[in-house]
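Based on what follows, work out the 3D shape:
(chains A and B)
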Amino acid sequence: KAGVTQTPRYLIKTRGQQVTLSCSPISGHRSVSWYQQTPGQGLQFLFEYFSETQRNKGNFPGRFSGRQFSNSRSEMNVSTLELGDSALYLCASTSLGLAGTKDTGELFFGEGSRLTVL
Amino acid sequence: GDSVTQMEGPVTLSEEAFLTINCTYTATGYPSLFWYVQYPGEGLQLLLKATKADDKGSNKGFEATYRKETTSFHLEKGSVQVSDSAVYFCALNQAPETSGSRLTFGEGTQLTVNP
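Presented below is the predicted three-dimensional model:
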């Protein structure tokens, strides 16, 4: 079974640009969530999508947005990039809501997209 | 709100030493508890989990017991190896059926094991 796939793995942008990151969850998983990881702030929750609807949202400015498609693939977008947006962006999927699966809250993570803003 | 506190690192041990990484949490109700590990340049991998009080999660020689009375979920391993060098994160999920897949993470503990 393929794991969570994130693209691109690495990217470099300049301030003011925008970026789109992509995430393909494990087959059958309908919930996708995004986290930002930085040395100073650690792992912070961005948002979660379930069946194409945003269900949870963290404390990030509106420059951070996301969406989920009918095949459960998800994208997140950051507009007007700032230096402080440099981070590892992690996507995770879960079997939450999958019939016959106990919802323990376990997340399966991708390897991340490392964004550098210059 | 929910929070997780981990013992600060970095932690440096010699091979075959005993490992303990402390984790305490603040949450209402009965959250599920997790330990994730992150190797250099990689994403997070689930190491072990426990979903109710007194449950013991175990994997690859690591163990952690869900202690509701002390709100703790300390990670232990009897004999560490160089390959265990990584960052370890304690995390909780308050109520997946209502809060979804939102994990609250601790700060992470860097472990280095020397040969």
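
helix or strand right after the helix or strand of chain A with the lowest mean pLDDT?
In chain A, no helix or strand scores lower on mean pLDDT, DSSP states H and E than strand A:53-57, which sits at a mean of 89. Using DSSP states H and E, the helix or strand that follows strand A:53-57 in sequence is strand A:64-68.

contacting residues around that following strand?
Outside strand A:64-68, the residues that touch it by C-beta atoms under 8 Å, 6 or more residues apart in numbering or on different chains are A:32, A:34, A:46-47, A:49-54, A:74-79. C-beta: built from backbone N, CA, C; applies to glycine.

Alongside chain B, which residues does chain A contribute?
A:4, A:6, A:31, A:33, A:35, A:42-43, A:45, A:48, A:50, A:55-56, A:90, A:92, A:94, A:96, A:103-112 (C-beta under 8 Å from any C-beta of the partner chain).

and if we set it to 6 Å?
A:31, A:33, A:42-43, A:45, A:48, A:55-56, A:90, A:94, A:96, A:103-107, A:109-112 (C-beta under 6 Å from any C-beta of the partner chain).

quick one on the thing from earlier: show me what the least confident helix or strand of chain A is packed against.
For strand A:53-57, the packing partners by 3 or more C-beta pairs under 6 Å, 6 or more residues apart in numbering or on different chains; DSSP states H and E come out as strand A:42-50.

got the buried residues for the strand it packs on?
Residues of strand A:42-50 classed as buried by neighbour count (16 or more other C-beta atoms under 10 Å in any protein chain shown): A:43-50.

Nearest to chain B among the residues you listed?
Top of the list for closeness to chain B, among these and by C-beta to the nearest C-beta, is A:Leu43 at 4.2 Å.

Surely that closest one and B:Phe105 touch.
Yes - assessed by C-beta atoms under 6 Å, A:Leu43 is found in contact with B:Phe105 at 4.2 Å.

where's B:Thr20 relative to chain A, distance?
21 Å (C-beta to the nearest C-beta, to the nearest Å).

Is it correct that that residue falls within a strand?
Yes - applying DSSP: H, G, I helix; E, B strand; the rest coil, one finds B:Thr20 inside a strand.

List the buried residues in stretch A:49-57.
Of all the residues in stretch A:49-57, those buried under the rule 16+ other C-beta under 10 Å are A:49-50, A:55-56.

Average pLDDT for stretch A:32-51, rounded please.
The average pLDDT for stretch A:32-51 rounds to 92.

Also stretch A:89-96?
Mean per-residue pLDDT for stretch A:89-96: 88.

Return the distance of it from the chain's centre.
Offset of stretch A:89-96 from its chain centre (C-alpha atoms, centre = their mean, to the nearest Å): 7 Å.

just for chain B, where's the confidence low?
Along chain B, segments meeting pLDDT under 70 span B:95-100.

Tell me the residue of it that sits nearest chain A?
For chain B, C-beta to the nearest C-beta, closest residue to chain A: B:Asn93, 2.9 Å.

Please look at that residue and B:Leu103 and confirm they touch.
Yes - the criterion here is C-beta under 6 Å, and B:Asn93 meets it with B:Leu103 at 5.4 Å.

Residue 7 - how many residues pack around it?
By default, I'm working from chain A. A:Thr7 is flanked by 12 other residues according to other C-beta atoms under 10 Å in any protein chain shown.

let's do chain B instead
Neighbours around B:Met7, by other C-beta under 10 Å: 17.

show me the contacts for it.
Taking C-beta atoms under 6 Å, 6 or more residues apart in numbering or on different chains as the criterion, B:Met7 is in contact with B:21-22.

okay, now A:Tyr35: neighbour count?
26.

A:Pro61 now?
Count around A:Pro61 with other C-beta under 10 Å applied: 10.
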